[in-house]
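Visitor: my questions concern the predicted model and sequence given below.
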Amino acid sequence: MIMEFTKRTTPLSITYFIAAIVFTLTFFTSTALAITEANPSEKEKGSFDILYWEKCGVTGSSGTGTPSTTEEPTSTGAVDESGWAFPTVAGTPISSDYRAPNRPGHQGVDLAGPGILGQPIYASRDGTVTHSGTASGFGYWIVIEHDVDGQIISSVYGHMSGDDLMVPVGAKVKTGQQISRVGNQGQSTGPHLHYEERVGGVNGGDRKPVAVYGQTGNTTPADPADPADQQASTQPADTSAADQTSSCKGESGSKTPVTPVNCAEANKSEDKSKFVWDYLRGQGLSEEQTAGVMGNLAHESGDPTFKKSTDVYEVGGANAGYGLAQWSFGRQTSLRDAAAKDPRGLTDLCFQLDYLVEESKARERRDGGGNEWDGIKEQKTIEDATYYFEYNYERPQPGSTGARVKYANEYMNKYGSGGGNRNV
Ligand SMILES: [Zn+2]
């Protein structure tokens, strides 16, 4: 990164990126890290917290679901005496528990077994469909809002195929009514249903799902002492890939950070751009905003696959750009300090992305009016998003906007929903 007036020996600067990541996440740890830039403006000074989160940032769309089939859902799920229906075929085993010890960030329960693919998914209770459409990380999801004796509970169903969404937003559904079929979309290592119950609506805290565990299961709403929990979860929690926590381990005794992409797989990949795309989309950025941020990162490193910029990393000493955002000078020092405390380490793609988000949240945008991360989310077009990120987070010398936009458009063509490949 470069400061506007700093001599730069490195390709490009970094600067702020705004990360837009909406975490759904629960922060739980805070390690104060000072940002020490070479010539930081007053606004850029200070410290910020690296926050670990246990929820994955999965962005869900609402309202795009179109019933893809004309068939009437006829099958029904078993309803217990408390009025909740098991959300898929009765007797389907739990393949990953709600907040299992090895997945403390898992805010739902995974149900899977032989032959589960294509099996019915049932509404766990009477309610109204509030989301039926794409959800990065989940492939597609359905959310149903229930009024349970005056308390709003939302049930969340993930990993289905878009062709299997059988209820549109606004539909009234009955307990046990088939709403979809079990799929294997999104960040999923095998066919399964990821099911959650959220208290107070889709943005509320999770609880141990009654439809699966019964009424005796302890409800464990979000810890009220953790402020992040209150804002956590505009998104469904995790992406259910059972192995994805392996590369995102937290410090011992801490909650486990989980990111919306399979970090281990990303770290091994020749082309990491799709992971970066999914990560940023999963943190709440639109396709345009995601493309704009990625166009900047690609231009900074000259590496549109992001392989060299993460794997090789060391380019030429402390004043050289380093990593995805070509962090340099004091910002690079801060990055290294954070990496030293992070079990994932400096070259982990998810570490770098997480860092980028936290850093941008800790920086005020140049024109004031909030932090850089929030600002990226206001951008509507690829061009605006690219320039915003360049001007605020990266802060290079002028003249490279066109090159950044070019990269951004390439990503959009490759990964955007209007292009040949869907996002999920
Ligand atoms: Zn799950």
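Guide: All right, it came through fine. Residues are numbered from 1 along each chain as shown.
Visitor: show me where the stretch 201-350 of the chain has its helices.
Guide: Secondary structure of the stretch 201-350 of the chain (DSSP state H, counting those that start in this stretch): helices at 210-213, 227-231, 263-268, 273-282, 287-301, 307, 329-340, 349-361.
Visitor: so which of the ones you listed is nearest the ion?
Guide: Nearest to the ion, of all these, is helix 210-213, at 11.4 Å by Cβ to the ion. In this view, the C-beta of every residue, glycine as well, is placed from N, C-alpha and C.
Visitor: which strands or helices does that closest one pack on?
Guide: strand 109-111, strand 193-199 (3 or more Cβ pairs under 8 Å, 6 or more residues apart in numbering; DSSP states H and E).
Visitor: do that helix and the ion meet?
Guide: No - between helix 210-213 and the ion, judged by Cβ under 5 Å from the ion, nothing touches; the nearest distance is 11.4 Å.
Visitor: in that helix, what's buried?
Guide: Within helix 210-213, the residues scored as buried using 16 or more other Cβ atoms under 10 Å are 210-213.
Visitor: got those as CSV, with pLDDT columns?
Guide: As requested, the buried residues of helix 210-213 are exported to CSV (pLDDT from 0 to 100):
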residue, pLDDT
Val210, 94
Ala211, 95
Val212, 94
Tyr213, 91
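Visitor: ranking the helices of the stretch 201-350 of the chain by burial, who's on top?
Guide: Most buried of the helices of the stretch 201-350 of the chain, by mean neighbour count (mean count of other Cβ atoms under 10 Å): helix 287-301, with a mean of 28.
Visitor: what's the following helix or strand past that one in contact with?
Guide: On the C-terminal side of helix 287-301, the closest following helix or strand by DSSP states H and E is helix 307. Contact with helix 307 is made by 269-272, as judged by Cβ atoms under 8 Å, 6 or more residues apart in numbering.
Visitor: switch to 7 Å and redo it
Guide: Contacting residues not belonging to helix 307 are listed as 270-272 [Cβ atoms under 7 Å, 6 or more residues apart in numbering].
Visitor: now which of these would you call buried?
Guide: By 16+ other Cβ under 10 Å, the contacts of helix 307 give Lys272 as buried.
Visitor: what is the nearest of the contacts of helix 307 to the ion?
Guide: Nearest to the ion among those, counting by Cβ to the ion, is Lys272 at 23.9 Å.
Visitor: now that closest one: closest residue in space, sequence neighbours ignored.
Guide: Nearest-residue entry for Lys272: Phe306, 4.2 Å, with adjacent residues in sequence omitted and distances by Cβ to Cβ, 6 or more residues apart in numbering.
Visitor: the one you found: what's it in contact with?
Guide: Phe306 is in contact with 272-273, 276, 297, 324, counting by Cβ under 7 Å, 6+ apart.
Visitor: including distance to Tyr355 and pLDDT, could those go into TSV?
Guide: Conversion of the contacts of Phe306 to TSV gives the following (distance: Cβ to Cβ, whole Å; pLDDT from 0 to 100):
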residue	distance to Tyr355	pLDDT
Lys272	15	93
Ser273	18	94
Val276	13	93
Leu297	13	94
Leu324	9	90
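Visitor: assumed Thr386 was part of a helix.
Guide: Yes - looking at Thr386 with DSSP: H, G, I helix; E, B strand; the rest coil, it is inside a helix.
Visitor: residues contacting it?
Guide: If a contact means Cβ under 7 Å, 6+ apart, then Thr386 has 292, 295-296, 401, 404-405, 408 as its contacts.
Visitor: hmm, back to that, quick check: of the buried residues of helix 210-213, which lies closest to His194?
Guide: Val212 (11.2 Å; Cβ to Cβ).
Visitor: tell me the contacts of the nearest residue to that closest one once chain neighbours are set aside?
Guide: Leaving aside its chain neighbours, Val212 sits nearest to Val109 (5.1 Å; criterion: Cβ to Cβ, 6+ apart). Residues in contact with Val109 (Cβ under 7 Å, 6+ apart) are 94, 97-98, 195, 209, 212.
Visitor: and Val109, bridged to which residues?
Guide: Tyr195 (DSSP bridges).
Visitor: who's in contact with the residue of the stretch 1-150 of the chain at minimum distance from the ion?
Guide: In the stretch 1-150 of the chain, the residue that lies nearest the ion is Asp110 (4.1 Å; Cβ to the ion). Going by Cβ under 7 Å, 6+ apart, Asp110 touches 94-96, 192, 194, 240.
Visitor: among the residues you listed, who's most crowded?
Guide: Within these, neighbour counts (other Cβ atoms under 10 Å) peak at His194, which reaches 32 neighbours.
Visitor: so for that residue, what's the pLDDT?
Guide: Confidence at His194, expressed as pLDDT, is 94.
Visitor: just checking, it touches Gly158?
Guide: Yes - counting by Cβ atoms under 7 Å, His194 sits close enough to Gly158 to count as a contact (4.0 Å).
Visitor: just to check, Glu196 is in contact with Pro209?
Guide: Yes - using Cβ under 7 Å, Glu196 is in contact with Pro209, at 6.5 Å.
Visitor: got the CA positions of the helix or strand containing Tyr411 in CSV?
Guide: Here Tyr411, judged by DSSP H and E, is contained in helix 401-415. Output of helix 401-415 as CSV, limited to C-alpha atoms (Å, rounded to 0.1, in the frame of the first residue of the first chain):
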residue,chain,number,x,y,z
THR,A,401,-8.3,3.0,-12.7
GLY,A,402,-8.8,1.6,-16.2
ALA,A,403,-6.6,-1.4,-15.7
ARG,A,404,-8.4,-2.1,-12.4
VAL,A,405,-11.8,-1.9,-14.0
LYS,A,406,-10.6,-4.2,-16.8
TYR,A,407,-9.8,-6.9,-14.3
ALA,A,408,-13.0,-6.3,-12.5
ASN,A,409,-15.0,-6.9,-15.6
GLU,A,410,-13.1,-10.0,-16.3
TYR,A,411,-14.1,-11.4,-12.9
MET,A,412,-17.7,-10.4,-13.4
ASN,A,413,-17.8,-12.1,-16.8
LYS,A,414,-16.3,-15.2,-15.3
TYR,A,415,-18.2,-15.5,-12.0
